[in-house]
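Chemist: Quick one, fold the following:
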Amino acid sequence: MKACTLVPGDLATAGVEEIGEPPEADGEVLVEGLFVGVCGTDVEIAKDGYGQPPPGHKRLVLFHESLGRVLEAPADSGLATGDLVAGVVRRPDPQPCGACAQDQWDFCRNGEFTERGIKAQDGYGSERWRVAPKFAIKLDAGLGPLGVLLEPTSVVAKAWDQTDAIAKRAFWAPEHVLVTGAGPIGMLAALLARQRGLAVTVLDRVTDGAKPAMVRELGATYVTSLDDLPAPPDVVIEATGVGPIVFDVIGRCAPNAIVCLTGISPGTHAIELKADAINKMIVLENEVVFGSVNAGLRNYQQAAAALALADKAWLAQLITRRVPLAEWPRALDRQPDDIKVVVDLQA
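Modeler: Numbers count the residues shown, from 1 in each chain. Below is the predicted model:
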């Protein structure tokens with residue numbers, strides 16, 4: 001079968017390779033690969049050498065954002081032939097730490113986890129793949145190709161899940177949400193905030209194209225400067241990873257605000273901080289700033305439920321480019337109008 005493979009850090013090796021059928025050791029559920037999504041992590045693996053092939057292999061089957069159709073599944077798995085599924089990315093360590101044992105491998109304490117398409121396990125970028133029933137998330141059939149958005153939605157679902165947990169510390173009645181960055185994570189964060197009935201503002205630097213219009217379709221506000229915020233935010237979902245934005249946002253929040261950092265910048269830009277003033281503000285305003293990465297099992301389930309409720313026409317606008325399997329390396333080259341790029345494993 002055909003698969004998207006490369007040697008991490010050597011973009012010249014990226015291409016379509018004929019590999020064997022997925023090993024049964026990967027799981028009892030056999031899946032026909034339909035689409036994979038492309039994100040910054042995939043680009044880092046290809047160009048910067050981030051990531052790790054399976055032990056004993058030089059090449060890695062890429063991609064961790066998946067969508068497939070069940071071909072075979074055990075009778076007691078809760079899955080049936082034809083079901084749409086997406087695969088969970090992370091796997092708990094062989095001798096699970098306390099967090100991994102509770103299906104919260106995103107909080108793994110010893111770092112011995114593995115990740116499909118990233119760390120020590122082949123990814124979902126192949127015509128067929130296998131997965132254990134526990135790691136196959138069933139999707140609403142009405143999503144069709146849009147089910148490939150599950151993994152990035154799970155990241156956002158976790159951000160909101162953790163925000164809710166922190167909010168239980170005291171009385172809190174949030175009204176205004178700020179999302180910084182209108183990429184896939186930012187857009188999906190805004191979607192989940194609107195599903196909660198909150199007033200949402202999205203900050204991004206582009207002034208035209210699809211993003212501003214999509215934000216307004218959600219019933220949210222689109223701005224290009226923090227000076228234009230309609231109100232101090234009670235919740236911030238930060239999806240740019242840009243240091244100056246992060247610290248500027250912290251200084252503009254409402255009392256008792258919760259700021260979730262989901263973005264990681266590849267840059268090394270240094271900024272001068274008034275650390276004492278920031279510390280004083282966070283303390284006096286009861287502000288919480290925390291980081292969030294990856295997702296646990298229940299976050300995938302929360303994400304599947306959120307996508308099932310979403311307007312499919314709006315979701316479809318997030319997928320701005322489809323690249324056929326034979327030309328998949330083109331998906332790594334970002335275009336000006338890209339939001340989410342996917343690889344069509346059937347084309």
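
Chemist: Just the CA trace of stretch 93-103, in PDB.
Modeler: Extracted in PDB, the C-alpha atoms of stretch 93-103 (Å, rounded to 0.1, in the frame of the first residue of the first chain):
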ATOM      1  CA  ASP A  93       4.000   4.800  28.200                       C
ATOM      2  CA  PRO A  94       4.600   1.000  28.400                       C
ATOM      3  CA  GLN A  95       4.500   1.100  32.200                       C
ATOM      4  CA  PRO A  96       1.800   3.800  32.600                       C
ATOM      5  CA  CYS A  97       2.500   6.700  34.900                       C
ATOM      6  CA  GLY A  98      -0.500   7.700  37.000                       C
ATOM      7  CA  ALA A  99      -1.800  10.200  34.400                       C
ATOM      8  CA  CYS A 100      -1.400   7.800  31.500                       C
ATOM      9  CA  ALA A 101      -3.200   5.100  33.500                       C
ATOM     10  CA  GLN A 102      -6.200   7.400  33.600                       C
ATOM     11  CA  ASP A 103      -6.200   8.100  29.800                       C
END
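
Chemist: buried stuff in it?
Modeler: 93, 96-97, 99-100, 103 (16 or more other C-beta atoms under 10 Å). No exception for glycine: its C-beta is placed from N, CA and C like everyone else's.

Chemist: I'd like the distance from it to the chain centre, please.
Modeler: Taking C-alpha atoms, centre = their mean, to the nearest Å, one finds stretch 93-103 lying 22 Å from the centre of the chain it belongs to.

Chemist: distance of the spatially most central residue of the chain from residue 191?
Modeler: Against the mean C-alpha coordinate of the chain, by C-alpha atoms, centre = their mean, the closest residue is residue 152 at 2.4 Å. Going from residue 152 to residue 191 by C-beta to C-beta, to the nearest Å gives 11 Å.

Chemist: swap in residue 12?
Modeler: Taking C-beta to C-beta, one finds residue 12 at 38 Å from residue 191.

Chemist: Likewise for residue 119?
Modeler: Counting by C-beta to C-beta, the gap from residue 119 to residue 191 is 29 Å.

Chemist: more crowded one of these two?
Modeler: residue 191 (25 against 20; other C-beta atoms under 10 Å).

Chemist: Angles on the backbone of the more buried one, please.
Modeler: As for residue 191, its main-chain torsions (degrees, to the nearest 10) stand at phi -60, psi -50.

Chemist: contacting residues around it?
Modeler: Counting by C-beta atoms under 8 Å, 6 or more residues apart in numbering, residue 191 touches 156, 218, 306, 310, 314.

Chemist: if we go to 7 Å?
Modeler: 218, 310 (C-beta atoms under 7 Å, 6 or more residues apart in numbering).
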